[in-house]
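S.K.: below are the sequence and a predicted model; questions follow.
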Amino acid sequence: MEVLPLVALVAVSAVVAGAARRTRVPAPLLLVAVGLIASYVPGVPSYALDPHIVLPLLLPPLLYTAAVDSSYLDLRANVRPIALLSVGYVLFATLAVGYAAYLVVPGLSLPVALVLGAVIAPPDAVAATAIARKLGLPNRITTILQGESLVNDATAITAYKVALAAAVGVSAGWAGGIAEFLLASVGGVGVGLVLMVPIHHLRKRLREPLLQNTLSLLIPFVAYAAAERVHASGVLAVVVVALYLGHRNWQVDFATRLQEEAVWKMVAFILESVVFALIGLQLPVVLKGLVEYEGWHAAWYALAVFLAVVVARFVWVFPATFVPRLSERIRTREPDTSWKAPVIVGWAGMRGVVSLAIAFSVPISVPHRNLILFLTFTTVIGTLVVQGLTLPPLIRLLRLPPRDLHAETLAEAQAQSEASRSAEDRLAELLAEPENALPPPLAERLRTVMERRRNAVWERLGEVNPVTGESADDVYRRLAREMIAAEREVFVTLRDHRRIDDEMLRGLLRRLDLEEAAAYREDAA
């Protein structure tokens, strides 16, 4: 692809995603809609999805940033429902949707139908994470959906390889399929376990934030490539490494964490935007190969497969939720649930770019390849649009219990209070040593900063400003920023009048930036 169309794709996708943040429409849906419209605008080039780019170059960083931001402890606490969805459901959907397509489409062999089932079996990691963030789902449901989306691609890709081998007549049978699945899963986890400790050790050793961030950007690609090299699951390798690094991120220095967070937010924003725009832009490519099918026949096949995908998820989710709870041990270990949670999980099964990338990797020699592409595309669009648009009103209709923000703030305040007491004791020990002697104003400043941190969270539990609706902590941060802004204007004026040079200005502005970062916490993700 030429450089200019690629730059235009990134730029327009970022603009649309930015505009979506000002609306109530989730960014993935708006990007797909714009992509569909743009695909028929004269002059817009053809953007055919290349699986050799999407799977090794786009999927690893998206999985990495999602896994790093996940909670290892929460995922471990919900490993049973996550495993039932990421492995059990994907295999069930492969068989159920594949068999439904086999019954509906004349001349479609069962092995080829199972290829289609494996392609559209996994809900997409990017779609699930993006829409879950937008909707503010309860913590446990969000954790289960994120955990499912992190692992299910590995299951689907392995199931696809087994089904494809059967479709082209080189299948090794059930034993061979099980062996390949075990190699991919165990091997992927093994590669991740081997890489995670030395990578983390290197991250702790490096003291230069620029080198740290360079390493951070390389990690998902290294993990993915290393696993694929030994025919294991690159997806699982990336997820294992990312979960370990995210769980131990506190051991890396603060400058690296600040830069890394900003870098990965930008990378995730750009890649997610491009991915969903690319989905919409595939329409002309998909329709071009569909000339052998009559329009209404293809539409009926698409509707039937879409319904099979939706129904199969509910058929799996409800028994997987309630049947294990017949065990007293599981009821004791896991929180109680109602029928509302599986309804949300069942309806939050949006498909995405991974399914399309796998579909484009189907060899041309496979019968009905163009139909597989078309049915994958319509299923992806159907789930994103139908389920994505109706999920927010469904959540409001079911009246799921919201997050207890008061309890969360109280827990945060208690944690900060304990940490502050420890810091006070440590400060008293240090100031008692002769080599740490400080003038009283500086020592008092350390105590004041510490006291400010302790009180800030408690103030969020107190009364709000009757005029602005802000807490005392909010007012403090706003006034601090206004003071810093006034200082910044003076420094710039002094530079403009040649009383200080640009190098000195940059140093002064950096100091103010760090103070502003300390005074103001950005609440928006």
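M.R.: Perfect, thanks for sending it.

S.K.: for this structure, give me the ranges with low pLDDT.
M.R.: Residues of the chain that meet the criterion pLDDT under 70 lie in 1-2, 125-136, 170-175, 291-292, 294-295, 402-406, 456-465, 469, 471, 519-525.

S.K.: longest helix anywhere in this protein?
M.R.: When the chain is parsed with DSSP state H, its longest helix is helix 173-205.

S.K.: next SSE downstream of that one?
M.R.: Using DSSP states H and E, the next helix or strand after helix 173-205 towards the C-terminus is helix 209-229.

S.K.: helix, strand, or coil at the closest residue in space to Thr65 that isn't next to it in sequence?
M.R.: For Thr65, ignoring the flanking residues on the chain, the nearest one in space by CB to CB, 6 or more residues apart in numbering is Ala268 at 4.5 Å. All C-beta spots, glycine's among them, are computed from the backbone N, C-alpha and C. Recorded secondary structure, Ala268: helix (DSSP: H, G, I helix; E, B strand; the rest coil).

S.K.: quick check, Ala268 in contact with Tyr64.
M.R.: No - judged on CB atoms under 8 Å, Ala268 makes no contact with Tyr64 at a distance of 9.2 Å.

S.K.: returning to that earlier point: buried sites along the longest helix of the chain?
M.R.: 177, 180-181, 183-185, 187-192, 194-196, 199-200, 203 (16 or more other CB atoms under 10 Å).

S.K.: ok, now stretch 154-168?
M.R.: Here stretch 154-168 shows 154-167 as buried, counting by 16+ other CB under 10 Å.

S.K.: need those in CSV (columns: secondary structure and distance to Ala277).
M.R.: Converted to CSV, the buried residues of stretch 154-168 look like this (DSSP: H, G, I helix; E, B strand; the rest coil; distance: CB to CB, whole Å):
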residue, secondary structure, distance to Ala277
Ala154, helix, 25
Thr155, helix, 27
Ala156, helix, 23
Ile157, helix, 23
Thr158, helix, 29
Ala159, helix, 28
Tyr160, helix, 25
Lys161, helix, 28
Val162, helix, 32
Ala163, helix, 29
Leu164, helix, 28
Ala165, helix, 33
Ala166, helix, 34
Ala167, helix, 31
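
S.K.: format the residues you listed as CSV; extra columns: distance to Thr256.
M.R.: Listed next are the buried residues of stretch 154-168 as CSV, based on distance: CB to CB, whole Å:
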residue, distance to Thr256
Ala154, 29
Thr155, 34
Ala156, 34
Ile157, 32
Thr158, 35
Ala159, 38
Tyr160, 38
Lys161, 38
Val162, 42
Ala163, 43
Leu164, 42
Ala165, 44
Ala166, 48
Ala167, 47
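
S.K.: quick check, nearest of these to Ile484?
M.R.: Ile484 has its nearest neighbour among the buried residues of stretch 154-168 in Ala154, at 47.4 Å by CB to CB.

S.K.: helix or strand for Ile364, which one?
M.R.: Going by DSSP H and E, Ile364 is not in any helix or strand.

S.K.: any idea how many residues pack against it?
M.R.: Here the number of neighbours of Ile364 (other CB atoms under 10 Å) works out to 7.

S.K.: okay, it and Tyr301: tell me how far apart.
M.R.: 20 Å (CB to CB, to the nearest Å).

S.K.: Tyr47 too?
M.R.: Counting by CB to CB, the gap between Tyr47 and Tyr301 amounts to 25 Å.

S.K.: how about Ala77?
M.R.: Counting by CB to CB, the gap from Ala77 to Tyr301 is 41 Å.

S.K.: residue at max distance from the center of this structure?
M.R.: Pro434 (50.4 Å; CA atoms, centre = their mean).

S.K.: which other helices and strands does the helix or strand encompassing Arg452 contact?
M.R.: Arg452 belongs to helix 440-459 when assigned by DSSP H and E. Using 3 or more CB pairs under 8 Å, 6 or more residues apart in numbering; DSSP states H and E, the elements in contact with helix 440-459 are helix 405-431, helix 472-496.

S.K.: list the contacts of it.
M.R.: 409, 412-413, 416-417, 420, 423-424, 427, 431, 438, 471-473, 476 (CB atoms under 8 Å, 6 or more residues apart in numbering).

S.K.: which one of the residues you listed is nearest Pro56?
M.R.: Compare each of those with Pro56 using CB to CB and the shortest gap goes to Glu412, at 39.8 Å.

S.K.: now the residue nearest to the spatial centre of the chain: how far from Met504?
M.R.: In the chain, the centroid-proximal residue (CA atoms, centre = their mean) is Ala66; its distance is 3.5 Å. Ala66 sits 42 Å away from Met504, going by CB to CB.

S.K.: cheers, nothing more for now.
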